[in-house]
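Asker: Curious how this folds, go ahead:
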Amino acid sequence: MAPKKKTKSDAKKKAELRRLQREEERMRREQEEAKIQAEQEEAARLEKERLEQEKMAKLVAKALEKREAELAEINSLEQKFLSAEQWKIDYRAHAKWEHYLNCDENPDPTVLREINTFMSLWREDQNKNIKLVMEKGEQVLNLIEKLQFLLLDASSNQITEKEIVQYQESILELQNLLHEKYNEATEHLLKKACMYEDSETGNMHAVIKDKNVTFCIWVNLKKEVRFKSHVFYDAHHGFDLPESLAVSSVAVRILHTHYDHVSPLWLQCQSVPKLEVLDSKELTQDSKDDVEESGEEGNKVNEDPSMPEEPSMPAEENTCGRRKSVVSFQENISSIADVNETGEEAEKETEILDISSLSLVEEPLMQEETSEKEEPKPDENIVDLQQFVPVGGVYHIDALQVPRQVKQIKDWSMVEVRDVGLEAYPYPPEEAEDATHPPIEITLRLSDKVMYFATPVIARWDPEGQQWRTDDISSIIYETKEKRITFKMGAFYTIALLQDAHINMPYQGWELQPTGTDEALLIVTTVFAVIQIQIKGNQCMLSSVVVEEKQVLSHLTGKWTSPLNLREVLKRAGVNIFPGECSYTYLSLNKKAPIAEAKAYQQMALLASAFAFGRSKWNLEAGQEQVVFKVSEHLKAESVKDKDWSLYLFNGQKAQKLKITESSETFSEEIEEDSEFHSTIYHMLKDFSSKEAIDKVETASFLFIDAVYQLLLATRVLTYS
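Answerer: Residues are numbered from 1 along each chain as shown. Predicted structure coming up:
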């Protein structure tokens, strides 16, 4: 019998089997090669890690060896802060003595007897001319400003609790007296309104103004409906009255005070918030632990378990959301000057300067959060003055009773004397609760000396609740180009235009660069504006504010003043680049640990005479415990080129130069080749700097250093950018 012929299918099966065998053998070879390669790579990785650890261990050991000497050297430089504080104390004492010797008519507002005598004499003064009140008002405003400056600038060891209460009471009394005098002058003017009757309308109207106040008054003498609206052309404010008022004996006053004496006192005297760090003994130990930890864990982020917790406040003193204390005060560096340091204790305590003056915004306490949940839902019409602040002053809009007019009989002027003072005209009238009354329409021309970056929030003052409210105000029309706002309100109120306190935060960028001997320029870039501040000696000057490529607020530029005063001036002008105690709760940002931020500002100020600093985008990626910023030696007037910047990381205890640049794709804490760890930014930069730059740092004026420090502390650029 003949053998069967092989079919095509059998040949295909054998070919497939051979292919699978070859594939299996190839895969086995590849697996063996991959295994060998992986073993080689793992060995190389372990070797690299071992070498890196050895390198890191050597760097840590070297850093520990140098630490004591570095701390002693930086402590010598940090004494300049104490020198600056002592200079301020001496300056205030000298100014007080000079005032005593001059015996001028201006009282010393800190001396209770003098300020009380001043107020008593003015109360007794019967001269009720509005222009004289304005002139005297400027003197009163200067006295208030001096007291506010003392409350903001003096540290707790320079001012007693008794003095704080005294100054606050004096401020409130001066504010009340000033407003009383404006009311007396208004009443005096109303009695003679017929003497200033307008020939066209038969009514009386006037605008009187100076740099602090715009006083607008309209008196309805003819009581004709066709004159129910009026525009004060010299001020561009106006109103449209309901018909019932147009035929009544009523006067309308718009008293625009370019200052705010209505809001709570704590808002007017809001100091730079505090950054609190560990006691110097704890800090020294923590810093040693931190350096050792960096050797054990390589380039991992340090997680120091002894990092200070954020300070908490008693529930009744919590300032976030529910401000109950009258005013908070800055703890200045000078607090450490009163510590009696001797022997071994002094050596330990001076290793790192205690920065009790820097500020920290507090996290709400857990128990407060629990209690807040139990509280009733807050009234949405109440303005949160931590989030929105009055800008451009206050508008006192009043309807007033027109008193009997003066009568001229021959050479005699007869006027009714009534001891009732200025009387408000009730509107809406006291009728049935369900009765409706037409609203009053008000038009206000906003000041060119104030910046509104968005439609202002209009609020009315509630004297009973002592708060700003947004209810009973409607039909708001804001004309941006004309800087005019029109709205309706159900009664006559004291009005303020409010702006988001954080509209310019977080900053888009910042840069601090030296421009000469004891001179520097701080540039803060926000979404809406670019603000440039020059620093020279112990003073600073607003160089420019640029909005949409146009310079604005020219009336504020070119004037040298203190950092504290410039902060207040800019805030009043609507350009707020100064975070408050609770600002972090209204913004999405990476809040930095107090120790890192505090020490960074201090050392940046010490180095500002020869080095430029700037924002790094990697600061957001570095976590809360450390800060990252750009640095470049800067001894010439020209701007810093991108290639000249280097990145440095600092956590308050350890500084290192980073290998990455601003253009790197990812963040890494890998240390730059041929660099070392140091305890301070000063010693870190010393490794890469010229002798000329270091000499300039060591000879920098303590007043200049303090001025830079105050601005950095006020702007908080490392957290709010």
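Asker: By residue count, which helix of the protein is the longest?
Answerer: The single longest helix within the chain, with elements called by DSSP state H, is helix 8-102.
Asker: so how far is that one from its chain's centroid?
Answerer: Mean-position distance between helix 8-102 and its chain equals 35 Å (CA atoms, centre = their mean, to the nearest Å).
Asker: and what of stretch 615-630?
Answerer: How far stretch 615-630 lies from its chain's middle: 20 Å, per CA atoms, centre = their mean.
Asker: Let me know whether my guess that residue 468 is in a strand holds.
Answerer: Yes: Residue 468 forms part of a strand when assessed by DSSP: H, G, I helix; E, B strand; the rest coil.
Asker: contacting residues for it?
Answerer: Contacts of residue 468 were listed using CB atoms under 8 Å, 6 or more residues apart in numbering, and they are 263, 382, 383, 385, 390, 459, 460, 461, 462, 496, 498. C-beta: built from backbone N, CA, C; applies to glycine.
Asker: so what does the helix or strand harbouring residue 629 touch, helix or strand wise?
Answerer: Assessed by DSSP states H and E, residue 629 sits inside strand 627-633. In this structure, strand 627-633 makes packing contacts with helix 594-607, strand 611-615, strand 646-650, helix 681-686, judged by 3 or more CB pairs under 8 Å, 6 or more residues apart in numbering; DSSP states H and E.
Asker: before we move on, the earlier item: list only buried entries from the contacts of residue 468.
Answerer: The neighbour-count test (16 or more other CB atoms under 10 Å) marks 263, 383, 385, 390, 459, 460, 461, 462, 496, 498 as buried among the contacts of residue 468.
Asker: Those in strands, which ones?
Answerer: 390, 459, 460, 461, 462, 496, 498 (DSSP state E).
Asker: pLDDT weak spots in the protein?
Answerer: Across the chain, the ranges flagged by pLDDT under 70 are 1-7, 49, 51-63, 65, 156, 276-376, 405-419, 431-434.
Asker: In contact with the residue nearest the centre of the chain, which residues?
Answerer: Nearest to the geometric centre of the chain sits residue 578, at 1.6 Å (CA atoms, centre = their mean). Applying CB under 8 Å, 6+ apart to residue 578 gives the contacts 272, 567, 570, 571, 714, 715.
Asker: right, and out of the residues you listed, which lies closest to residue 85?
Answerer: Using CB to CB, residue 272 comes nearest to residue 85 of the contacts of residue 578, at 14.7 Å.
Asker: shouldn't the closest one be in contact with residue 715?
Answerer: No: using CB atoms under 8 Å as the test, residue 272 is too far from residue 715 to be in contact (9.7 Å).
Asker: ok, residue 438 - contacts?
Answerer: Taking CB under 8 Å, 6+ apart, we find residue 438 in contact with 242, 243, 244.
Asker: Residue 595 and residue 706, how far apart?
Answerer: Separation of residue 595 from residue 706 (CB to CB, to the nearest Å) stands at 21 Å.
Asker: With neighbour numbers in mind, choose between those two.
Answerer: With other CB atoms under 10 Å as the criterion, residue 595 and residue 706 differ in neighbour count, and residue 595 comes out ahead with 27 against 24.
Asker: Specify the local secondary structure of residue 591.
Answerer: What three-state DSSP gives for residue 591 is coil.
Asker: Could you check how far it is from residue 506?
Answerer: Using CB to CB, residue 591 is found at 11 Å from residue 506.
Asker: before we move on, back to that, inside helices: which ones of the contacts of residue 578?
Answerer: Short answer: the contacts of residue 578 in helices (DSSP H) are 567, 570, 571, 714, 715.
Asker: Let me know whether the third one touches residue 389 as I believe.
Answerer: If I follow you right, that is residue 571. Yes: taking contacts as CB under 8 Å, residue 571 lies within contact range of residue 389: 7.5 Å.
Asker: the more surrounded of the two?
Answerer: A direct count of neighbours by other CB under 10 Å for residue 571 and residue 389 places residue 389 higher, at 25 against 17.
Asker: The more buried one - nearest residue in space that isn't next to it in sequence?
Answerer: Distances taken as CB to CB, 6 or more residues apart in numbering place residue 501 nearest to residue 389, at 4.8 Å, with adjacent residues excluded.
Asker: how close does that neighbour sit to residue 712?
Answerer: As judged by CB to CB, residue 501 and residue 712 stand 20 Å apart.
Asker: now swap in residue 420 and tell me
Answerer: 55 Å.
Asker: the more surrounded of those two?
Answerer: Higher neighbour count among residue 420 and residue 712: residue 712, with 24 against 8, using other CB under 10 Å.
Asker: Quickly find the element holding the more buried one.
Answerer: Per DSSP H and E, residue 712 falls inside helix 702-715.
Asker: Pull the residues that contact that helix.
Answerer: 80-81, 83-85, 87, 272, 275, 357-359, 507, 510, 512, 518-520, 522, 524, 533, 535-540, 563-564, 567, 577-579, 601-602, 604-606, 608-609.
Asker: List only those of those flagged as buried.
Answerer: The neighbour count (16+ other CB under 10 Å) marks 80-81, 83-85, 272, 275, 357-359, 507, 510, 512, 518, 520, 522, 524, 533, 535-536, 538-540, 563-564, 567, 577-579, 601-602, 604-606, 608-609 as buried among the contacts of helix 702-715.
Asker: Can you name the residues that contact residue 514?
Answerer: For residue 514, the contacting residues are 520, 608, 609, 610, 611, 612, 634, 635, by CB under 8 Å, 6+ apart.
Asker: I appreciate the help and will end here.
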